[in-house]
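>>> Predicted coordinates and the sequence they were generated for:
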Amino acid sequence: MNEKREEHRLILTEDGSHSIYVPGLNETYHSFHGAIQESGYVFIKRGLEYFAGNQDRSLIKVLEVGLGTGLNALLTAQWAEEMQKKVEMTSLEAYPVPKGLVDVLNYPGKISSKHAPGWFRKIHHSLWDEAVEIHDLFVLNKVMAKLETYPLPFQEFDVVFFDAFAPNKQAELWDLSVLDKVYQSQNYPSVFVTYCAKGQLKRDLRSLGYQVETLPGPPGKKEMVRAIKPGEIESKH
C-alpha cells in the first residue's frame with residue numbers, strides 16, 4: 001500500500017458519519033452507506049456481541065486488523081461500558097490516518113456515551129506499542145506494524161475484526177498464509193468477522209478449519225462473513 005497520506009480526504013456517509021477516501025487506492029475506510037452502521041453491524045453485533053452471547057468469559061481479547069479511523073475501537077469501548085464486560089484489543093495499523101483528519105472525524109458526536117470524545121482522543125493520541133486503558137473496562141494496544149510481518153501470539157484472541165482494505169486493494173493481507181497466521185493466533189473457540197464475502201476468502205477460511213457462515217450484510221452490502229474456530233475452551237480460561 002503506497003498511497004500518499006496527503007491525499008486522504010474526509011467524506012460524509014449516508015448515516016451522517018464520516019469516512020476517509022484514499023484516491024491512491026480509489027477506496028474508502030468505511031461504507032458510503034454508513035460508516036457507523038457498517039462497523040456496528042459487522043464487527044460489534046456479528047462479532048463481539050455474538051461471541052459474548054455464546055461464551056462466558058470475564059475478559060474478551062480482540063485482534064483488529066486495521067485501526068484506521070479508530071471507529072471500531074470507539075464502538076468497542078462503548079460496548080464494553082454498556083455491557084460491563086472487560087475487553088482488551090490489539091489493533092494493527094501500518095499506515096496511521098493523518099492527525100489532521102483524525103481530529104475532525106465526527107464519530108464521538110454520533111455515539112451515545114458522553115465519554116466518547118475523551119475515549120476517541122485517547123484512542124488516537126495514546127502511545128503506540130503500549131497497552132493503554134481507554135476506560136476501566138477497555139484496554140487498547142495500538143501496534144504500528146504490518147500483519148504480514150508482525151509476530152502474533154499463539155491462541156490468544158477470542159474475536160478477530162478483519163478490517164483490511166478489500167482483497168483487490170490489499171491482496172497481501174488476504175493471502176492464505178496470512179489468514180493461517182491469524183487462525184493460529186485465535187483461541188478455542190473464537191470468532192473471525194469481516195465485511196468481505198468473496199468466494200475465495202470463504203474457501204480459504206474453510207481450508208484452515210473455520211466453520212464459515214455467510215450472513216446478511218450491513219445496509220448497502222448483500223453479504224458478510226463470520227467464521228468460527230471451533231474447539232474446547234482451554235484450561236487457562
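Alright, I've got the coordinates. Numbers count the residues shown, from 1 in each chain.
>>> what's the longest helix in this protein?
In the chain, with assignment by DSSP state H, the single longest helix is helix 71-83.
>>> in it, what's buried?
Leu71, Asn72, Ala73, Leu74, Leu75, Thr76, Ala77, Gln78, Trp79, Ala80, Glu81 (16 or more other Cβ atoms under 10 Å). C-beta: built from backbone N, CA, C; applies to glycine.
>>> partners of the helix or strand of the chain with the lowest mean pLDDT in the sheet?
Lowest by mean pLDDT, DSSP states H and E among the helices and strands of the chain is strand 27-28, with a mean of 85. If you go by DSSP bridges, strand 27-28 pairs up with strand 18-22 (antiparallel).
>>> Can you tell me the SS state at the residue most central in space within the chain?
Nearest residue to the geometric centre of the chain (Cα atoms, centre = their mean): Phe161, 3.5 Å. Recorded secondary structure, Phe161: strand (DSSP: H, G, I helix; E, B strand; the rest coil).
>>> Distance to Glu130 and pLDDT added to the buried residues of helix 71-83, as TSV?
Converted to TSV, the buried residues of helix 71-83 look like this (distance: Cβ to Cβ, whole Å; pLDDT from 0 to 100):
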residue	distance to Glu130	pLDDT
Leu71	21	98
Asn72	19	98
Ala73	15	98
Leu74	19	98
Leu75	22	98
Thr76	18	98
Ala77	17	98
Gln78	22	98
Trp79	22	98
Ala80	19	98
Glu81	22	97
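>>> can you redo those as JSON lines with distance to Lys146?
Below are the buried residues of helix 71-83 laid out as JSON lines (distance: Cβ to Cβ, whole Å):
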{"residue": "Leu71", "distance to Lys146": "21"}
{"residue": "Asn72", "distance to Lys146": "18"}
{"residue": "Ala73", "distance to Lys146": "19"}
{"residue": "Leu74", "distance to Lys146": "23"}
{"residue": "Leu75", "distance to Lys146": "24"}
{"residue": "Thr76", "distance to Lys146": "22"}
{"residue": "Ala77", "distance to Lys146": "25"}
{"residue": "Gln78", "distance to Lys146": "28"}
{"residue": "Trp79", "distance to Lys146": "27"}
{"residue": "Ala80", "distance to Lys146": "27"}
{"residue": "Glu81", "distance to Lys146": "31"}
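>>> ok, of those, which one's closest to Arg57?
Comparing these against Arg57 with Cβ to Cβ places Ala80 closest, at 12.5 Å.
>>> Would you confirm that the closest one contacts Val139?
No - contact criterion Cβ atoms under 8 Å: Ala80 and Val139 do not qualify, at 9.4 Å.
>>> Can you name the element that comes right after the lengthiest strand in the chain?
Ranked by residue count under DSSP state E, the longest strand found in the chain is strand 186-194. Downstream of strand 186-194, the next assigned helix or strand under DSSP states H and E is helix 199-208.
>>> Let me know the next secondary structure element after that next one.
Next helix or strand after helix 199-208 toward the C-terminus (DSSP H and E): strand 211-216.
>>> Need the contact partners of that following strand.
46, 197, 202, 205-206, 222-228, 230 (Cβ atoms under 8 Å, 6 or more residues apart in numbering).
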